[in-house]
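K.L.:
whatever this is, show me its structure:
(chains A, B and C)
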Amino acid sequence: MTHPLLDIRNLHLTMTSFDGAAHVLNGIDLTVNRGEIWGLVGESGCGKSLTGLSISRLVSTPPARYIDGEILFEGRDILSLPAKEVQSLRGKRIGMIFQDPTTNLNPSYRIGEQLVDVALAAARHDASILDCPPNASRRERRRAARRLAGDMLDRVGIPNAEARLDNYPHEFSGGMRQRVLIAMALIGRPDLLIADEPTTALDVSVQAQILKLLKGTVADHFIGVILITHNLGVVAETCSHVAVMYAGNIVESGPVAEVIERPAHPYTKALMASIPTKHSKRGSLNGLGGSVPNLISAPPGCRFAPRCPHAVEACTQTLPKPVQVGGTHHAACIRLTETEDLVDA
Amino acid sequence: MSEIAQTSEAEIPRPADDRLRRALFRFRQSKLSMLGAAVVAIVLFFTAFGTVLAPYPEHIAGAVDTANRFQPPSLTHPFGTNELGQDVLSLVMAGATVSVLAGFGVVLIGTLIGTLVGAVAGFVGGWTDEGLMRLTDLTLTIPSLILAMAIAAALGPGFTNMVIAISLSWWPGYARLVRGEVLAAREEVYVTAARAIGANPSRILFRHILPNVVSPIIVKMSLDMGFAILTVAGLGFIGIGVRPPTPEWGTLLSLSRSYMPDYWWTAMAPGMAMFFAVFGFNLLGDGLRDILDPKARR
Amino acid sequence: MLYFILRRILLLIPVVIGLTVIMFAIARLLPGDPVSLAAGPNATQSEIDALAREFGLDQPIWTQYFDYLSGLLHGDLGTSLLTRRPVAADIAAYLPATLELVIAAMLIAVCIGIPLGLATAVWRNRWPDYLSQVVAIGAISMPRFFLGLLLQLCFAMWLMWLPLGGRLPIIVIPPPTVTGFLTIDSLLAGDMHTFVTALRHLAMPAIAMSLSPLATIMRMMRASTIEVMSQDYVTTARALGLPRAKIILKYIARNAVSATLTVIGLYFGWLLGGTVLVETVFDWPGLGLYATKAIISQDMMPVIGVALVIGLMFVAANLVIDLLYGVINPKVRYS
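P.N.:
Okay, the predicted model is just below:
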């Protein structure tokens, strides 16, 4: 029996703070297969980064607490694995890239050394990465790791890669640093790559290059990717699938083309409408009124209801379940059929 | 928690009240600062009443009891007696007054000089600032204990001379601190506003700027109290400063050195008293810093 | 780099002038009559005058000061009123003892304080951490001279494991002077017996000196480690599967140490001037003891000399720290 690469089932997470416990992930369901690039979109604070960190079990508990659900990586629940085994997955099976390339590299070490450290750590679980005999000496392994680091830098498009191994992070531009971080995430040949806002801190032109690089990586290595972003444009350009998050819930998910062309959930529609296009009138920016609700005393119903133009009494009673809209396209809204007409009208 | 929430609904507290209450709340949360406050309270109690409460007040005045020389600790003399037959406990209790008052005097004078220098330098700016700060840096370069010793030796023995001598090596830290705060405060909107309406510069300094630098100064003063007491005792230990028979802790310790292996108890009480007092002030200062100086908090 | 050092050295000149002016002002403007003190209680007025003339103390203060400065250019720090020996020679003889003591104390403080700070940060908010915080404040509060007395009482007088004071017993012939550090010189001379003896003499004063910097370095290291642990690159290192020990010992420790370095530099200079009390307790023949004896007899030339030398070493220590900072932190290289 084959498992999907990643299968998140009904994930619930609370965060305890000074004011009380906030229910920040409220039943997340997400399945990622090899070859798929999933875009995870939503406003800041909707829980998309926490979802990403949870997959590598990098959320510190306390203050966080997992109250329900499981994260199955090739069928094994990451949340119940012993710490040692989770450690062996990180870097080796699951790679991660974070938002700000200026702060995610250690300023005190040459980038070559940082890449070598990751490669050596990954090689402890899979010696074939280094491509050297199993009885190789420390020095040989280091040399092999360095060669690999040079190859990786070259592959992510850093010119003169071999020489740049000896540079410090501050000697690279922002885009180049993000490439280094991608090389670091890929050097252990992961099967799943989680990229948390990898292009947000970069120039638009650099953004496109990095996204192209990510797309190429999926095609080359047949891995699964979760791309966390708040930018629907990035999703449309890069992803094969998309999951829209709102206040700890996935409100809509499915193949990118379908979701973007026929958004079903009122929140997705509002998000789409807020993107200015070249057709939109000058001075008419369509923002979404209101703000993300306080999650500490969240009401039982749909969390978008207070901001939703189509909300009715029933919306505030129970949390809506995902409803099939077509194929693998789902949306969690009880008024799907009615709102269809309302918006188009 | 819920208590605070309720009162804030019932009556809207003034921000200053609220800040004070929060500070007190945080202070009570920190067990270490509470311990420090308790120790300091005990030390201050002895500073005020040590001389009166001492079991053998005549020994403090200099009376000797040669029949009872070097009595080991017992019920009548909990810390034994010294080479003159004087009760060590009484001397140490009276010593609290000398040491703590001297320490307080040093910190107070040091703060006054330092605040004045720092405020003028920061407020006037230009060459005045440059000159005053170079002087400050220079004084910081001279080892403070040697500087204090040299001044104390030149001024001659005595309580007041010693306090003045140490204060003269103590002010640069405050000058730097206050100058920094004044420079920052000068740029604040309300100072610019006060200037715009033509307020007198000294009025701006005293009414608008200095009140805002009070809390870092208080934090530094409480942290410095312990070290000032240590410096006073150090000078006494070397034999510069207060002379016997004034029962100063450092002087007492220095005298007991000559009788060390056999009559060790004469050293214990003054030494432990010193440690206890400094420990209390340091704990308290540490806690106060966490509360009053959020910038330094992690 | 060279330019940076040169500029810092040039900046020393105003420091020297300022230091000497301040010390001269204390020596001459404050009350106190060092000459009659040095001449002795039975000296006649004419003897006192003769002594004052011999040392140029009858001259106006400006003349005295410029005489001193011109002597300084030739490495002459004046002459002691009391012993009539040149101050520069005395300082050269006593400085190594103080440096040996301070360096030994700093070594103890750094070698124990940094790992302890790292460990308490990693295990923070558990009882060993709380306990170590209280103990650290206690260590800072302990008067060094009282600690010295307790050590003497315990290890020298009761247990008799260690010598009471001094650098070497009179009967031991000191090794030929190379560095002036008895421990190093005896090793260079291959004299293991003298080395052990010197080390045993050094142990208690160094420990008494080291306690408070140890505690401060530990607290500083704990604070900077906690700050570094929250940095993004630590999360990245964890996310990419680096072993925990490697993250702590390599990725966190180095960055935390560079933040702690400034404190170490400050403390080094501070300790140089703070040896007075410990040297008095252990009868350690260093600058502090020398200055103390001079101060008590109001013999100001040695005091000015000592203040000058320590002040300059304080500045030099900060320069070294700045350079070290550039080595550890590649972003702050001086060009």
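
K.L.:
list the buried ones in the helix or strand that contains C:Thr262?
P.N.:
Assessed by DSSP states H and E, C:Thr262 sits inside helix C:253-273. Of all the residues in helix C:253-273, those buried under the rule 16 or more other Cβ atoms under 10 Å in any protein chain shown are C:253-261, C:263-273. Heads up, the C-betas are built off the backbone N, CA and C, glycines and all.

K.L.:
ok, which of those residues also contact chain A?
P.N.:
Among those, the residues within reach of chain A (Cβ under 8 Å from any Cβ of the partner chain) are C:254-255, C:258.

K.L.:
so where's the chain shaky on pLDDT?
P.N.:
As the question left the chain open, I've gone with chain A. For chain A, the stretches flagged by pLDDT under 70 are A:1, A:17-20, A:134, A:276-298, A:337-345.

K.L.:
try chain B instead
P.N.:
In chain B, residues with pLDDT under 70: B:1-29, B:189-190, B:293-298.

K.L.:
what do you get if the cut-off is 80, keeping everything else the same?
P.N.:
B:1-32, B:50-86, B:125, B:156, B:184-213, B:241-246, B:260-262, B:290-298 (pLDDT under 80).

K.L.:
which one is the residue in the stretch 51-200 of chain A that chain B sits nearest to nearest to, not counting chain neighbours?
P.N.:
Taking Cβ to the nearest Cβ as the measure, the stretch 51-200 of chain A has A:Pro63 as its residue closest to chain B, at 16.1 Å. Spatially, and ignoring its direct neighbours in sequence, A:Pro63 is nearest to A:Thr16 (4.6 Å; Cβ to Cβ, 6 or more residues apart in numbering or on different chains).

K.L.:
what sits closest to the closest residue to chain B within chain C if chain neighbours are left out?
P.N.:
Of chain C, the residue with the smallest distance to chain B, taken as Cβ to the nearest Cβ, is C:Gly273 at 2.1 Å. The shortest distance from C:Gly273 to any non-neighbouring residue, by Cβ to Cβ, 6+ apart, is to B:Pro143 (2.1 Å).

K.L.:
look up phi and psi at the one you found.
P.N.:
Main-chain torsions, B:Pro143, degrees, to the nearest 10: phi -60, psi 120.

K.L.:
ok, it to chain A distance?
P.N.:
Computed as Cβ to the nearest Cβ, to the nearest Å, the B:Pro143 to chain A distance reads 34 Å.

K.L.:
same thing with B:Leu292?
P.N.:
20 Å.

K.L.:
you'd agree that residue is up against B:Val214?
P.N.:
No. Using Cβ atoms under 8 Å, B:Leu292 makes no contact with B:Val214, being 9.1 Å away.

K.L.:
tell me, how many residues neighbour residue 87?
P.N.:
Using chain A here. Residues near A:Gln87, counting by other Cβ atoms under 10 Å in any protein chain shown, number 21.

K.L.:
oops, wrong one, chain C.
P.N.:
25.

K.L.:
for it, give me phi and psi.
P.N.:
With angles defined as degrees, to the nearest 10, C:Val87 sits at phi -60, psi -40.

K.L.:
residues contacting it?
P.N.:
The contact partners of C:Val87, by Cβ atoms under 8 Å, 6 or more residues apart in numbering or on different chains, come to C:77-80, C:301-302, C:305.

K.L.:
distance-wise, check it relative to chain A.
P.N.:
Taken as Cβ to the nearest Cβ, the span from C:Val87 to chain A is 45 Å.

K.L.:
gap between that residue and C:Val303?
P.N.:
Going from C:Val87 to C:Val303 by Cβ to Cβ, to the nearest Å gives 9 Å.

K.L.:
same question for B:Thr251.
P.N.:
Counting by Cβ to Cβ, the gap from B:Thr251 to C:Val303 is 22 Å.

K.L.:
just the residues contacting stretch B:249-256, thanks.
P.N.:
By Cβ under 8 Å, 6+ apart, the surrounding residues in contact with stretch B:249-256 are B:82-83, B:88, B:91-92, B:95, B:98-99, B:232-239, B:241-244, B:263, B:266-267, B:269-271, B:273-274, C:145-146, C:149.

K.L.:
surely A:Gly47 meets A:Leu25?
P.N.:
Yes. Here A:Gly47 lies in contact with A:Leu25, judged by Cβ under 8 Å, at a distance of 5.0 Å.

K.L.:
these two - which one has more neighbours?
P.N.:
Using other Cβ under 10 Å, the more surrounded residue of A:Gly47 and A:Leu25 is A:Leu25, with 31 against 25.

K.L.:
show me the contacts for that one.
P.N.:
So A:Leu25 contacts A:11-13, A:47, A:50-51, A:54, A:248 (Cβ under 8 Å, 6+ apart).

K.L.:
could you grab the helix/strand/coil label for it?
P.N.:
Put simply, A:Leu25 is strand when judged by DSSP: H, G, I helix; E, B strand; the rest coil.

K.L.:
chain neighbours aside, what residue packs nearest to the residue nearest in space to the middle of chain C?
P.N.:
By Cα atoms, centre = their mean, chain C has its centre lying nearest to C:Leu272, at 2.0 Å. For C:Leu272, ignoring the flanking residues on the chain, the nearest one in space by Cβ to Cβ, 6+ apart is C:Ile310 at 4.9 Å.

K.L.:
repeat for C:Leu149
P.N.:
Nearest non-adjacent residue to C:Leu149 (Cβ to Cβ, 6+ apart): B:Ala267, at 5.8 Å.

K.L.:
residues contacting the one you found?
P.N.:
B:253, B:256-257, B:260, C:146, C:149, C:153.

K.L.:
isn't B:Thr139 right up against B:Tyr174?
P.N.:
No. In this structure, B:Thr139 is not within contact of B:Tyr174 by Cβ under 8 Å, at 11.5 Å.

K.L.:
return the distance of stretch C:286-299 from the chain's centre.
P.N.:
16 Å (Cα atoms, centre = their mean, to the nearest Å).

K.L.:
repeat that for stretch B:249-268.
P.N.:
On Cα atoms, centre = their mean, the centre of stretch B:249-268 falls 25 Å from the chain's centre.

K.L.:
can you give me the buried ones in that stretch?
P.N.:
Neighbour-count burial for stretch B:249-268 flags B:249-256, B:259-260, B:263-268 (criterion: 16+ other Cβ under 10 Å).

K.L.:
just stretch C:313-330 next, same as before
P.N.:
For stretch C:313-330, by 16+ other Cβ under 10 Å, it's C:313-315, C:317-319, C:321-322, C:325-326, C:329-330.

K.L.:
now do stretch A:221-240
P.N.:
In stretch A:221-240, counting by 16+ other Cβ under 10 Å, buried: A:223-232, A:234-236, A:238-240.

K.L.:
and what of stretch A:313-331?
P.N.:
By 16+ other Cβ under 10 Å, the buried positions in stretch A:313-331 come out as A:315, A:319-320, A:322-323, A:325, A:329-331.

K.L.:
go through those residues and say which is closest to chain B.
P.N.:
Out of those, the member with the shortest distance to chain B (by Cβ to the nearest Cβ) is A:Leu319, at 28.2 Å.

K.L.:
quick check: the closest one is in a helix.
P.N.:
No. With three-state DSSP as the criterion, A:Leu319 is coil rather than part of a helix.

K.L.:
any figure for the gap between it and chain C?
P.N.:
31 Å.

K.L.:
with A:Ala83 instead?
P.N.:
According to Cβ to the nearest Cβ, A:Ala83 and chain C sit 9 Å apart.

K.L.:
what about that residue, neighbour count?
P.N.:
Neighbour count for A:Ala83, taken as other Cβ under 10 Å: 9.

K.L.:
now narrow the buried residues of stretch C:313-330 to whatever sits close to chain B.
P.N.:
C:314-315.

K.L.:
now tabulate the buried residues of stretch C:313-330 in TSV and tack on secondary structure and pLDDT.
P.N.:
TSV is the format used below for those (DSSP: H, G, I helix; E, B strand; the rest coil; pLDDT from 0 to 100):
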residue	secondary structure	pLDDT
C:Met313	helix	85
C:Phe314	helix	82
C:Val315	helix	81
C:Ala317	helix	81
C:Asn318	helix	79
C:Leu319	helix	80
C:Ile321	helix	78
C:Asp322	helix	77
C:Tyr325	helix	73
C:Gly326	helix	71
C:Asn329	coil	68
C:Pro330	helix	65
